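[1] 3D model of this:
(3 chains)
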Amino acid sequence: MPELPEVETTRRGIEPHAAGRAIREVIVRRHDLRQPVTPGLDDIAGRRITGVRRRSKYLLIDIDDGRVLLVHLGMSGSLRVTDAAAAWRKHDHVALTLDSGAQLRYHDPRRFGLVLLLPHGAETNHPLLARLGPEPLGDGFSAATLAAACRNRSATIKQVIMDGGVVVGVGNIYASEALFRAGIRPRTRASRVGPRRLARLAEAIRAVLGEAIGQGGTTLRDFVNSDGNPGYFRQRLFVYDRGGEPCRVCATPVRRAVVGQRSTFWCPACQKP
DNA sequence: CGAACCTCCTGCGGGC
DNA sequence: TGCCCGCAGGAGGTTC
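    This next block holds a predicted model:
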């Protein structure tokens, strides 16, 4: 479900409620997520949250003793700010009660997500984070780094931009959208996309992610932000989930195929091999 | 090393 | 209405 814009939307929603707050209570109702919730998580009760950061699709909740609470939303997760007295919903697995009376609730039906407490200083070399590529909206990602990643790769261009070692945060929706904006068909081999088109693609990735953050992310089915509201970028999608519908630029029917095990959408007229 | 395939889990929509 | 099937926004693991 959540890609980078949805995670960033969540971060922006959580941060004002969480930063500076003390954690009054930690509640773990289910620990069997993709990895078990760190045993002894309630050890952070009484500590204070100093900030909420994001790296790739991970949320990093900083604790005042230097530890970091790492949260990943997987395919179906959300992190919401509720009143501590609010009724529990099915699949609310972890909650932090804050000294404001609010509660951060982690909700994840499919349990593909993570809630892990990392020791002080362990964040940069943690296996989940250590090998991540550059942030798409940061300085580390450019036409040059994308071109270097595409050189001698036989994989499709779509698979390369979804490879977190190349650039993080580009998931299945925004991969199709960025390729549409760059005019490149998703099944084109990465090594066959020229430098000018790669430059266009790098810019398209930045643009689509930036705009999606501005709209509070994309809700296809069940993404909700920290207030429980959907994101509005879906109406700006050009191709994703629009198979058979007219291209919003040229009216040619949008095509769908499975590329790298994932549904993929493109306009056969606007996008070239 | 890269690429293809499989897996975790629950819910929902479509077809019959 | 109800049941079965396929599919879903992520990403780590296995195999060749």
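[2] going by C-alpha atoms from here, please, whenever you check contacts or count neighbours.
    OK.
[3] surely A:Ala212 forms part of a helix?
    Yes: applying DSSP: H, G, I helix; E, B strand; the rest coil, one finds A:Ala212 inside a helix.
[4] got the contact list for it?
    Going by C-alpha atoms under 8 Å, 6 or more residues apart in numbering, A:Ala212 touches A:5, A:218, A:233.
[5] cool, and A:His31?
    Contacts for A:His31 were tallied using C-alpha under 8 Å, 6+ apart; they are A:37-38, A:93.
[6] are any of these buried, and if so which?
    Neighbour-count burial (16 or more other C-alpha atoms under 10 Å) is assigned, among the contacts of A:His31, to A:37, A:93.
[7] for the contacts of A:His31, which one is nearest DNA strand B?
    Taking C-alpha to the nearest atom of the strand as the measure, DNA strand B lies nearest A:His93 of these, at 11.5 Å.
[8] what's downstream of the helix or strand harbouring that closest one, the next helix or strand?
    Assigned by DSSP states H and E, A:His93 belongs to strand A:92-98. Once the chain leaves strand A:92-98, the next helix or strand it forms, by DSSP H and E, is strand A:102-107.
[9] report pLDDT for the nearest residue to A:Val94 once chain neighbours are set aside.
    Counting by C-alpha to C-alpha, 6 or more residues apart in numbering, A:Val94 lies nearest to A:Val28, which is 4.5 Å off, once chain neighbours are set aside. Note on A:Val28: pLDDT of 98.
[10] what's near enough to touch A:Val28?
    A:Val28 makes contact with A:93-95, according to C-alpha under 8 Å, 6+ apart.
[11] sorry, back to before: so for the strand holding A:His93, mean pLDDT?
    For strand A:92-98, the mean pLDDT works out to 98.
[12] list of residues touching it?
    Residues outside strand A:92-98 that contact it (C-alpha under 8 Å, 6+ apart): A:18, A:21-31, A:84, A:103-108.
[13] now the buried members of these.
    Neighbour counting by 16+ other C-alpha under 10 Å classes A:18, A:21-26, A:28, A:31, A:84, A:103-108 among the contacts of strand A:92-98 as buried.
[14] and the nearest residue to A:Pro186 once chain neighbours are set aside, how many residues sit next to it?
    Of all residues beyond its chain neighbours, the one nearest A:Pro186 is A:Lys158 (5.0 Å), with distances taken as C-alpha to C-alpha, 6+ apart. A:Lys158: 25 surrounding residues under other C-alpha atoms under 10 Å.
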